[in-house]
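Participant: Return atomic coordinates for the entry below.
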Amino acid sequence: MRLTNKSKINSTLRQLKLPLDLEKIIDISDPVYTFCDVMDHIDLTPYFTEKDCKTGRPRCDVQKLLKVILFAFMEHGISSLRTIEKLCRNDIRYMYLLDGMKAPSFATFGNFIRNELTTSIEQIFNDINSFIFESDHVDLNHTYIDGTKMEANANRYTWVWKKSCIKNRDKIFEKISFLIDAMNSEILNFQGLKLEKRDDYAIDYVDSLLENYRHATKLDTSKFVSGIGHRKSLQQKQYQELQGYLERLKAYAKHIGICGDRRNSYAKTDRDATFMRVKRDYMGNDQLLPAYNMQAAICDEYIAVIDAKPYASDMECFVPLMEKFKETYGHYPKYPVADAGYGSYNNYLYCEEHGMEKFMKYTMFEKETKNEK
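Facilitator: Okay, here's the model as predicted:
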């Protein structure tokens, strides 16, 4: 092969020049300095377990990982893990937070959030608030309450409606009564036996009906036939029909129990989410979406308490929010201010019992005070 003097140049005349101290190129008014000042005054060691890793890669500094995650969410709102990884590689402010540590991967951030922050993030939030409130002398007696509905990370068409389950359960009750009449007239009356009918059938009672019918007809469930070419006996048909009703009753009871007394629906892929109307209706058809009712209590423009509830009405969220406020700060706010969505007789009684002033209008306040009719 003939050698030539024309070789490919793999260099560039431009070189990246950075000062040795990153603080020189970060603006003095950047919020990263205030953020670091707050985080450095908080003892985070009780929230993270020390692990002795004798083999493998050295463990990342968990306090630096926490600072990066909190700062990313503070700056950009909801941030994906890959976005945080990209910021750590390209943004000098995140390099400043890492303080010489190699930029972690998105998997490292995911494992840290899943294993370390799931149970401790709320207490860390309270510790940050305690430091800020003490430094700025925040007034915790005046709190302003409001909420918004945020869509849950659940499939949109996996709803379970409580009223529909109750309606179908009542239909099953009627079918069980008809089936018991057929069992008595066609089989059990010839043996001098009779199954008792009821208006409502509990699961245990239907289970006992099945067992009594099996003993009375001496059925052997292991010899049941099915499929093409097999003819089921009348006893087997009635037994399996009642068994199917029992399974449906169990399913309806499970759905109604998950909904509870204060909810009318839930999503199968996220049982804590309730279907409600949200402000961002991207479908344009006023469709119900799985969501949470996010409630916040604000004191001197700081978020004192934040809570997520599966209740569509703000009235149901007021008492849990105030109880969380009491649990966090040791006392109830003197003046809870909220709009008419929170005003109800029960909430007024709750405020009266706990020494809180009533700064909430009720739903028909404007119409009753301004409408002459």
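Participant: pLDDT below threshold where in this protein?
Facilitator: For the chain, applying pLDDT under 70 flags the ranges 1-24, 50-56, 281-285.
Participant: again, only this time at 80
Facilitator: Low-confidence segments of the chain (pLDDT under 80): 1-25, 48-59, 78, 156, 280-286, 364-373.
Participant: domain assignment for it?
Facilitator: If you go by the TED database, the domain ranges for the chain are 31-52+59-137, 160-263, 274-372.
Participant: any chance of the ones you listed in JSON lines, plus mean neighbour count?
Facilitator: Every residue, glycine included, has its C-beta placed from N, CA and C. Output for these, formatted as JSON lines (neighbours: other Cβ atoms under 10 Å):
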{"stretch": "domain 31-52+59-137", "mean neighbour count": "15"}
{"stretch": "domain 160-263", "mean neighbour count": "14"}
{"stretch": "domain 274-372", "mean neighbour count": "16"}
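Participant: Against residue 313, how distant is residue 144?
Facilitator: Distance, residue 144 to residue 313, using Cβ to Cβ, to the nearest Å: 19 Å.
Participant: on that earlier part again, residue 150: which of the domains of the chain is closest?
Facilitator: Evaluated over the domains of the chain, closeness to residue 150 peaks at domain 274-372, with 5.3 Å, by Cβ to Cβ.
Participant: Just the helices from the stretch 251-373 of the chain, written as ranges.
Facilitator: Counting by DSSP state H, counting those that start in this stretch, the stretch 251-373 of the chain has helices at residues 315-329, 345-353, 365-370.
Participant: Okay, strands next: where are they in the stretch 251-373 of the chain?
Facilitator: Taking DSSP state E, counting those that start in this stretch, the strands of the stretch 251-373 of the chain run over residues 265-267, 274-276, 289-299, 302-309, 335-343, 359-362.
Participant: Make CSV out of the ones you listed and add distance to residue 226.
Facilitator: Formatted as CSV, the strands of the stretch 251-373 of the chain follow (distance: least, Cβ to Cβ, whole Å):
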stretch, distance to residue 226
strand 265-267, 35
strand 274-276, 38
strand 289-299, 39
strand 302-309, 47
strand 335-343, 56
strand 359-362, 61
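Participant: Show me the one of those that comes nearest residue 111.
Facilitator: Of the strands of the stretch 251-373 of the chain, nearest to residue 111 by Cβ to Cβ is strand 302-309, at 24.0 Å.
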